[in-house]
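Peer 1: sequence and computational prediction follow.
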Amino acid sequence: MHSLWRRLPAEQRRRGAAGLTAWLAPKATHHPMPDAEDGLIIAGEIGRESGLGEGARIMLRACGALGIPASGLQAGLLEGSERPGRTLEDSTAPLILHVNAPTLPAVLLRLGKRFLRQRRIIGYWAWELPVVPPIWRAAAACVHEVWTPSAFSARALEDIAAGRVRVVPHALAAAPVRPSHLDRAAFGLPEDAVVVLVSFSLASSFERKNPLAAIHAFRAAFGNRADRFLLLKISHGGHYPEDMGRLREAIAGVSNIRIEERLFPTADSHALTRCADIVLSLHRSEGFGLVPAEAMQLGRTVVATDWSATAEFLDGECGLPVPYRLVPARDPRGVFEAKGAVWAEADLGGAVQALQRAAGDEALRRQLGEKAAAVVRERFSGEELVAAHWALMRRGLSQRNVA
């Protein structure tokens, strides 16, 4: 049986596993809704360098700064799940799972029915297309609510969890990470060049992150100028040798572009971003856009595709949005595809103009960076997280009073 299973295409295996675990996983009981004890259990890939892991860590830090009692719980497929401690088992605090829908049922099975009994389950999900694929639907029955970091994601998720979706952006400004003291020399960056940073994980889809467009735009804008430098900060490249081969071929023989594959602690990653003058993201779609948002928080000039979730916080007053056209979403890995879904193709000429404008005007970069940091302080203060927590507690109190 195992041999036959391995012969199936990867997408069929993925859908089959998701469907089976969704059928086996415990379902959310809405009538009556479980009580909600004060505080939150934040679960996910807390120890892993990934967007989901970072989202869970941001929420944990924000809860501490905002006075919301919270505990962290390792829960994921790649790193496994902790056995919940007795304190967590005995509480009825809501569980916020930073695990995307296709794998959430499997994580629930690992956590066990005893831990989940009489507990409110909330999926913290982000999706990068306007249409949610069928593989996500079954998991909606396993959660009481869905929280999501952007209105863009919320519109798509409403299709599978109507009336149960709440926008709770990443509370970046509630407990900001202080960059370490590492400087350009520590990262091997030239002191006398305008540095452009492209940062992404290959686990998040080569096609969606669209790094080849960033390379083409940089080369068209600056050629081999020694005073212009592009750093490609790439995570998890070792798992995707074909993608890395495409990137190395695209920069072969180019002296002012370099790849950086080392994984850094969060404070050092922020220091690297602070060392850059411009952060470039010619993504095809984002469910939130942590890299652009964190760059804005650090006062960097961000050049990004003017579509999907990043368009909700980046405009011409705080960054340089790049025009685009919508095209059918096509992902060779089959993950970011859904019937009728589209995503953006950034305009290369617009990206070149934005890069040249930002690189040639230090005063403009300073102006945009100051405005960008102010936008992050205002938009991602954690106000929505406080409101979401209070709504959970209020409903719990209401139910106890009725009883």
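Peer 2: Structure's in. What do you need? Quantities reported herein were computed from a predicted structural model and do not represent experimental measurements.
Peer 1: centroid residue for the chain?
Peer 2: Ranked by distance to the mean C-alpha position of the chain (Cα atoms, centre = their mean), the top residue is residue 51 at 4.2 Å.
Peer 1: might you report the residue contacts of it?
Peer 2: 126, 201, 204, 290 (Cβ atoms under 8 Å, 6 or more residues apart in numbering). Heads up, the C-betas are built off the backbone N, CA and C, glycines and all.
Peer 1: so among these, where is pLDDT lowest?
Peer 2: Across the set of the contacts of residue 51, residue 204 stands lowest in pLDDT, at 88.
Peer 1: ok, for that one, nearest residue in space, not its chain neighbours?
Peer 2: Excluding its sequence neighbours, the residue lying closest to residue 204 (Cβ to Cβ, 6 or more residues apart in numbering) is residue 51, at 6.3 Å.
Peer 1: check the gap between the one you found and residue 254 for me.
Peer 2: 28 Å (Cβ to Cβ, to the nearest Å).
Peer 1: which element is residue 197 on?
Peer 2: Under the criterion of DSSP states H and E, residue 197 resides in strand 194-201.
Peer 1: I meant residue 231, not that one.
Peer 2: Here residue 231 is assigned to strand 228-235, by DSSP H and E.
Peer 1: list the neighbouring strands of that strand plus their orientation.
Peer 2: strand 194-201 (parallel), strand 257-260 (parallel) (DSSP bridges).
Peer 1: tell me the most buried of those?
Peer 2: Per residue and on average, the most neighbours among the strands paired with strand 228-235 fall to strand 194-201, with a mean of 23 (mean count of other Cβ atoms under 10 Å).
Peer 1: could I get the average pLDDT for the helix or strand just after that strand?
Peer 2: Counting by DSSP H and E, the next helix or strand C-terminal to strand 194-201 is helix 206-209. Helix 206-209 comes out with an average pLDDT of 96.
Peer 1: ok, stretch 332-351 next?
Peer 2: Averaging pLDDT along stretch 332-351 yields 92.
Peer 1: over to stretch 47-59?
Peer 2: 89.
Peer 1: next one: stretch 167-178
Peer 2: For stretch 167-178, the per-residue pLDDT averages 96.
Peer 1: residue 122 pairs with what?
Peer 2: Beta-bridge partners for residue 122, by DSSP bridges, are residue 96, residue 145.
Peer 1: please look at it and residue 99 and confirm they touch.
Peer 2: No - here residue 122 does not reach residue 99: they are 11.0 Å apart, not a contact under Cβ atoms under 8 Å.
Peer 1: contacting residues for the nearest residue to residue 263 once chain neighbours are set aside?
Peer 2: Among residues not flanking residue 263 along the chain, residue 49 sits closest, at 5.4 Å (Cβ to Cβ, 6+ apart). Taking Cβ under 8 Å, 6+ apart as the criterion, residue 49 is in contact with 201, 235, 236, 263.
Peer 1: ok but residue 49 is inside a strand, no?
Peer 2: No - applying DSSP: H, G, I helix; E, B strand; the rest coil, one finds residue 49 to be coil, outside a strand.
Peer 1: how near is it to residue 251?
Peer 2: Applying Cβ to Cβ to residue 49 and residue 251 gives a distance of 23 Å.
Peer 1: before we move on, what about residue 196?
Peer 2: Distance, residue 196 to residue 251, using Cβ to Cβ: 13 Å.
Peer 1: ok, back up a step: of the strands paired with strand 228-235, which is nearest residue 224?
Peer 2: Checking the strands paired with strand 228-235 against residue 224 by Cβ to Cβ gives strand 257-260 as the closest, at 9.4 Å.
Peer 1: quick one, whichever helix or strand comes after the closest one and strand 194-201 angle?
Peer 2: Heading C-terminal from strand 257-260, the first helix or strand you meet, by DSSP H and E, is helix 266-275. Here helix 266-275 runs at an angle of 140 degrees relative to strand 194-201 (axes from the mean of the first three to the mean of the last three Cα atoms, to 10 degrees).
Peer 1: can you list the buried residues in helix 266-275?
Peer 2: By neighbour count on 16 or more other Cβ atoms under 10 Å, the buried set for helix 266-275 is 266, 268, 269, 270, 271, 272, 273, 274, 275.
Peer 1: closest to residue 130 out of these?
Peer 2: Top of the list for closeness to residue 130, among the buried residues of helix 266-275 and by Cβ to Cβ, is residue 273 at 29.0 Å.
Peer 1: tell me who's in contact with that closest one.
Peer 2: 179, 197, 199, 279, 294, 295, 298, 300.
Peer 1: tell me how far residue 187 lies from residue 276.
Peer 2: 10 Å.
Peer 1: the two: who's more crowded?
Peer 2: Taking other Cβ atoms under 10 Å, residue 187 and residue 276 do not tie; residue 276 has more neighbours (25 against 19).
Peer 1: I figured that one hits residue 196, correct?
Peer 2: Yes - between residue 276 and residue 196 there is a contact under Cβ under 8 Å: 6.7 Å.
Peer 1: any shared contact partners between residue 187 and residue 276?
Peer 2: Common contacts of residue 187 and residue 276 (Cβ under 8 Å, 6+ apart): residue 231.
Peer 1: ok now stretch 279-294, how far from the chain's centre?
Peer 2: Here the centre of stretch 279-294 is set off from its chain's centre by 9 Å, with Cα atoms, centre = their mean, to the nearest Å.
Peer 1: now do the strands in the stretch 251-400 of the chain.
Peer 2: 257-260, 278-281, 301-305, 320-322, 324-328, 342-346 (DSSP state E, counting those that start in this stretch).
Peer 1: closest one to residue 224 among those strands?
Peer 2: For residue 224, the closest of these is strand 257-260, at 9.4 Å, according to Cβ to Cβ.
Peer 1: now that closest one: average pLDDT?
Peer 2: On average, the pLDDT along strand 257-260 is 98.
Peer 1: contacting residues around it?
Peer 2: Residues contacting strand 257-260 (Cβ under 8 Å, 6+ apart): 187-188, 215, 218-219, 229-234, 237, 247-248, 251, 272.
Peer 1: residues contacting stretch 52-71, please?
Peer 2: 38-47, 72, 76, 87-88, 93, 96, 98-100, 124, 126, 149, 170-172, 174-175, 177, 266, 290, 382, 385-386, 389.
Peer 1: typo on my end, it should be stretch 230-241
Peer 2: For stretch 230-241, using Cβ under 8 Å, 6+ apart, the contacting residues are 49-50, 187, 189, 195-203, 206, 211, 214-215, 218, 243-244, 247, 251, 256-261, 263, 272, 276, 280.
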